[in-house]
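Asks: What would the 3D arrangement of this be:
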Amino acid sequence: MAAYGMQQSSSLLPCEMGGNSPCASCKLLRRRCTKDCIFAPYFPSDEPHKFAMVHKVFGASNVSKMLQELPIHQRADAVSSLVYEANARMRDPVYGCVGAISYLQNQVSQLQMQLAVAQAEILCIQMQQEPALPEPQMDADDKSFVVHNELSSMAQFMNHPSTSNVPQEALKREYPWT
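Replies: Alright, predicted model coming up:
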């Protein structure tokens with residue numbers, strides 16, 4: 001009987017021998033946390049919400065299989081990605097992190113267009129302030145025609161509806177960085 005007790009205690013984590021609580025996954029799943037628990041290094045007991053989200057979205061069994069298939073040095077990054085995706089899926093069950101990426105890409109496009117319009121306006125102001133010298137390549141009518149066309153095409157582009165399939169208003173409500 002003493003040998004059985006020694007064998008059992010050697011497979012337990014130090015936290016089970018009277019110290020801290022088991023890892024977040026074992027705590028949530030109500031099972032004994034062993035020294036070879038695949039979740040223990042990545043889901044500490046003081047962050048139970050991380051495992052709860054990952055478990056709800058992906059399932060503990062699937063996460064365990066994924067982690068077992070990865071080399072040990074890649075597991076921490078995989079867990080970080082799973083936590084991020086699970087958080088995004090909890091906020092937006094349809095699009096997940098793809099919705100956030102799409103929203104941010106649309107914002108970048110809009111800001112690039114605003115920058116182009118501002119640069120064109122600066123160019124127009126600079127051209128108006130320059131003394132009227134004859135230029136061999138283009139006369140003033142041609143230059144104003146080119147600038148006018150650039151500005152009107154930029155304005156049309158900015159008023160054009162987004163081509164993204166992601167509803168922008170829903171994303172603005174869901175993501176804090178909007």
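Asks: In a helix, Ile122, correct?
Replies: Yes - Ile122 forms part of a helix when assessed by DSSP: H, G, I helix; E, B strand; the rest coil.
Asks: what number of residues lie near it?
Replies: 10 (other CB atoms under 10 Å). From N, CA and C alone the C-beta is placed, and that goes for glycine too.
Asks: helices or strands up against the helix or strand where Leu111 lies?
Replies: Using DSSP states H and E, the element containing Leu111 is helix 97-129. Helix 97-129 sits against helix 72-91, helix 140-159, helix 168-174, with contacts defined as 3 or more CB pairs under 8 Å, 6 or more residues apart in numbering; DSSP states H and E.
Asks: can you give me the mean pLDDT across the last one?
Replies: To tie it back to what came earlier, the one meant is helix 168-174. Mean pLDDT, computed over helix 168-174, is 54.
Asks: Return the set of buried residues in stretch 67-77.
Replies: Across stretch 67-77, burial judged by 16 or more other CB atoms under 10 Å covers Leu67, Arg75.
Asks: pLDDT of that stretch, averaged?
Replies: 94.
Asks: Perfect, I'm done here.
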